[in-house]
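Participant: here is a sequence with its predicted model. Questions after.
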Amino acid sequence: MYDQLTPADRILFQHYGHGRIDRPAFGRIHHAIEAQARNHPRLTAVEHLGVRLTYQELDQQADHLANRLAVLGVRAGDRVGLFLTRSPQMVVGILAILKAGAAYVPQDIRITPPHHLRHVVSTAGIRVILTTSQYDVPAELGEIVAIDTVAAEAEADPPRAEQDGEAAVVIFTSGTTGAPNGVQVTHANLCNVLLTEPGSLGIRPGDRVGQLLNIAFDMAAWEILGTLAHGGTLVVRGNDLATVAASLNVVIATPSILAGLDPAACPAVRTVAVAGERCPENLAVAWSRRAAFHNCCGPTEVTIVNTVQRYDGVLTIGRPVPNTTVYILDDDLRPCPIGEIGEMWAGGACVTDGYVGNEALTAERYRPDPFLGGAHRMFRTRDLARWTPDGQLEHHGRTDDQVKLRGFRVELDAVTSALEQTPGCARAAAVLHDDRLVGFVSPATVQPEVARRVVGQLLPYYYSPTLIVAVDKLPVTDRGKIDRRALMSRLDTVA
């Protein structure tokens, strides 16, 4: 297994690849929230457009709703749909589902098409769906419960048996091809990243943390559960992102969302964490002047993020979070020498419970972990990375972002990074369209020919885009990432 490594690299493979050991204070994420309700009942737990819930009110309403779920037959191990949008009722629903021992399955009802909802219900085996009375969820999907009407009812709560399931949430990934897959994330997974540093982000009772992201996105669980588990105030945004951000102490976002905010207009922000897509270094520089800036990496399958770096002047994706491992492996799953680019596999407490209803894909992407042994599994992230001499991970794009162009392998992330070195360029993207490499730069004042020269100076000639398009803003998906499909459509329109 280690034959191709020198004795020194064998030691570093183990040393760099293992996060520190740190036991989370709770084994169920809602138990941490309940502890905050006992210790700080009068603190504001949730704030949204002038509406506030204290921790005591949140806990009581969630208990009441959990009892209703129990009456409907929801038991430990079940999955309950949460089809609504950002609101205090959303938070009550999440906590109630967890208290009932079930896993919540979030979807933003405003933007999720009916066929996608049907796929989610069918795949996850959902019988009961929580929503609010303002939304018309098709009755054929399951037993529909409006959270706001249940909270207003006055009848006595029936007794609810204590029960806790292992799964906490099922996140449906926005895969590039085929139907989305539901990733089953356990309480142990969430507690490991949210209740230990650095994933806890230093959130303290009373800190204001934004809920800015689509509720179906795994990073929204970081915002919501990570805030409430530490006694913070979850500030749920409406349409005015900038106004909400101006009042926050902690911001968790994708780089695309963060790029729309002005650091100078957010004077109270002391901690920022970004993940979900490649972070431009100029974004890290701008925010790190005012706040602790954390650049993070990790797909849903390894529980939100599995590597974190506090930016210190050289942008990397950092080191493994506690109780987890990172392996840089070659195509034969052998350890790469330190400093050599390979594919990143993740192991330990971050590895989720596989894809719901898709054993074949689970077997393909989740493999037995030969380094930890026993029943441990490791996950293939498809991220390309290498270790720096001081044990940090440099991200080098993704295996599925590698394209073949004129016989050469080209990494789209490398092109994007080079484009962003152009004077005046805030964001960039690269796509392969009709066998042409096309670059996009923003804002529209960026000069394409200057961008082309910059790429030519930084990268081999075959990385040079055939076309560079300057646009006011790059489109983003509903999960806050650059929307490459929308960029492709724009090119189709031009053609």
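Facilitator: Received the coordinates, thanks.
Participant: switch to C-alpha atoms for all contacts and neighbour counts from now on
Facilitator: OK.
Participant: can you map out the strands along the stretch 101-250 of the chain?
Facilitator: 103-108, 128-131, 143-146, 167-172, 182-186, 208-211, 233-236, 250-253 (DSSP state E, counting those that start in this stretch).
Participant: got TSV for those, with distance to Gly298 too?
Facilitator: Below are the strands of the stretch 101-250 of the chain laid out as TSV (distance: least, C-alpha to C-alpha, whole Å):
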stretch	distance to Gly298
strand 103-108	20
strand 128-131	29
strand 143-146	34
strand 167-172	14
strand 182-186	13
strand 208-211	20
strand 233-236	23
strand 250-253	14
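Participant: dump those strands into CSV; add mean pLDDT as well.
Facilitator: CSV is the format used below for the strands of the stretch 101-250 of the chain (pLDDT from 0 to 100):
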stretch, mean pLDDT
strand 103-108, 97
strand 128-131, 98
strand 143-146, 97
strand 167-172, 97
strand 182-186, 97
strand 208-211, 98
strand 233-236, 98
strand 250-253, 98
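Participant: reformat those as TSV; add mean neighbour count and distance to Ala275.
Facilitator: Output for the strands of the stretch 101-250 of the chain, formatted as TSV (neighbours: other C-alpha atoms under 10 Å; distance: least, C-alpha to C-alpha, whole Å):
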stretch	mean neighbour count	distance to Ala275
strand 103-108	26	19
strand 128-131	24	28
strand 143-146	19	33
strand 167-172	26	16
strand 182-186	25	18
strand 208-211	28	15
strand 233-236	28	19
strand 250-253	24	7
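Participant: between those, which gets nearest to Asp218?
Facilitator: strand 167-172 (6.3 Å; C-alpha to C-alpha).
Participant: report all helices and strands that the closest one contacts.
Facilitator: strand 103-108, strand 182-186 (3 or more C-alpha pairs under 8 Å, 6 or more residues apart in numbering; DSSP states H and E).
Participant: contacts for the worst-scoring helix or strand of the chain on mean pLDDT, please.
Facilitator: Lowest by mean pLDDT, DSSP states H and E among the helices and strands of the chain is strand 402-405, with a mean of 73. Outside strand 402-405, the residues that touch it by C-alpha atoms under 8 Å, 6 or more residues apart in numbering are Arg409, Val410, Glu411, Leu412, Leu432, Asp435, Arg436, Leu437, Tyr462.
Participant: that one pairs with which strands, and in what direction?
Facilitator: With DSSP bridges as the test, strand 402-405 is paired with strand 408-411 (antiparallel).
Participant: any idea of the mean pLDDT in the helix or strand just after the partner strand?
Facilitator: Following strand 408-411 in sequence order, the next helix or strand is helix 412-419 (DSSP states H and E). Averaged over helix 412-419, pLDDT sits at 91.
Participant: pairing partners for the helix or strand just after helix 412-419, with directions?
Facilitator: Next in sequence after helix 412-419, counting helices and strands by DSSP H and E, comes strand 427-433. Partners of strand 427-433 in the sheet, by DSSP bridges, are strand 436-442 (antiparallel).
Participant: and the next helix or strand after the partner strand, what's buried?
Facilitator: For strand 436-442, the following helix or strand on the C-terminal side (DSSP H and E) is helix 448-458. For helix 448-458, a neighbour-count test (16 or more other C-alpha atoms under 10 Å) marks Pro448, Ala451, Arg452, Val454, Val455, Gly456, Leu458 as buried.
Participant: could you check the angle strand 436-442 makes with helix 448-458?
Facilitator: Angle, helix 448-458 to strand 436-442, by axes from the mean of the first three to the mean of the last three C-alpha atoms, to 10 degrees: 110 degrees.
Participant: adjacent strands (with direction) for the helix or strand just after helix 448-458?
Facilitator: For helix 448-458, the following helix or strand on the C-terminal side (DSSP H and E) is strand 467-470. Sheet pairing for strand 467-470, assigned by DSSP bridges, gives strand 436-442 (parallel).
Participant: what lies in contact with the strand it pairs with?
Facilitator: 405, 415-416, 419-420, 425-432, 448, 464-474.
Participant: ok, back up a step: so which of the strands of the stretch 101-250 of the chain is nearest Glu359?
Facilitator: It is, among the strands of the stretch 101-250 of the chain and with distance given as C-alpha to C-alpha, strand 182-186, at 11.6 Å.
Participant: CA atoms only: put the closest one into CSV for me.
Facilitator: Provided in CSV are the C-alpha atoms of strand 182-186 (Å, rounded to 0.1, in the frame of the first residue of the first chain):
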residue,chain,number,x,y,z
GLY,A,182,-30.3,11.8,-1.5
VAL,A,183,-27.3,11.8,0.8
GLN,A,184,-28.2,10.5,4.3
VAL,A,185,-26.3,12.6,6.9
THR,A,186,-26.3,11.3,10.5
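Participant: okay, the closest residue to Ala229 other than its chain neighbours: pLDDT?
Facilitator: In space, and not counting its chain neighbours, Ala229 is closest to Ile33: 4.5 Å by C-alpha to C-alpha, 6 or more residues apart in numbering. In this model, Ile33 is scored at 98, pLDDT.
Participant: and if you look at Asp434?
Facilitator: For Asp434, the model assigns a pLDDT of 80.
Participant: same deal with Asp401?
Facilitator: According to the prediction, Asp401 has pLDDT 78.
Participant: report the contact partners of it.
Facilitator: Here Asp401 is in contact with Glu411, Leu412, Asp413 (C-alpha under 8 Å, 6+ apart).
Participant: give me the number of residues near Arg52?
Facilitator: 18 (other C-alpha atoms under 10 Å).
Participant: just the buried residues of stretch 463-472, please?
Facilitator: In stretch 463-472, counting by 16+ other C-alpha under 10 Å, buried: Tyr463, Ser464, Pro465, Ile468, Val469, Ala470, Val471.
Participant: over to stretch 433-443?
Facilitator: Quick answer for stretch 433-443 (16+ other C-alpha under 10 Å): Leu437, Val438, Gly439, Phe440, Val441, Ser442, Pro443.
Participant: mind giving me the domain ranges of this protein?
Facilitator: Residue ranges for the domains of the chain, per automatic domain parsing: 29-238, 406-494.
Participant: for stretch 15-30, which outside residues touch it?
Facilitator: 32, 95, 98-99, 187-188, 190-192, 195-196, 225, 229, 319-327, 387, 391-392.
Participant: what's the answer for stretch 225-237, then?
Facilitator: Against stretch 225-237 from outside (C-alpha under 8 Å, 6+ apart): 29-30, 32-33, 36, 40, 43-49, 86-88, 194-195, 200, 203-212, 223-224, 244, 248.
Participant: ok now that stretch, how far from the chain's centre?
Facilitator: 16 Å (C-alpha atoms, centre = their mean, to the nearest Å).
Participant: start to end distance for that stretch?
Facilitator: Using C-alpha to C-alpha, to the nearest Å, one end of stretch 225-237 lies 16 Å from the other.
Participant: whichever of the contacts of stretch 15-30 end up buried, select them in PyMOL.
Facilitator: Here is the PyMOL command that selects the buried residues among these (16+ other C-alpha under 10 Å):
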select buried, resi 32+95+98+99+187+188+190+191+192+195+196+225+229+319+320+321+322+323+324+325+326+327+387+391+392
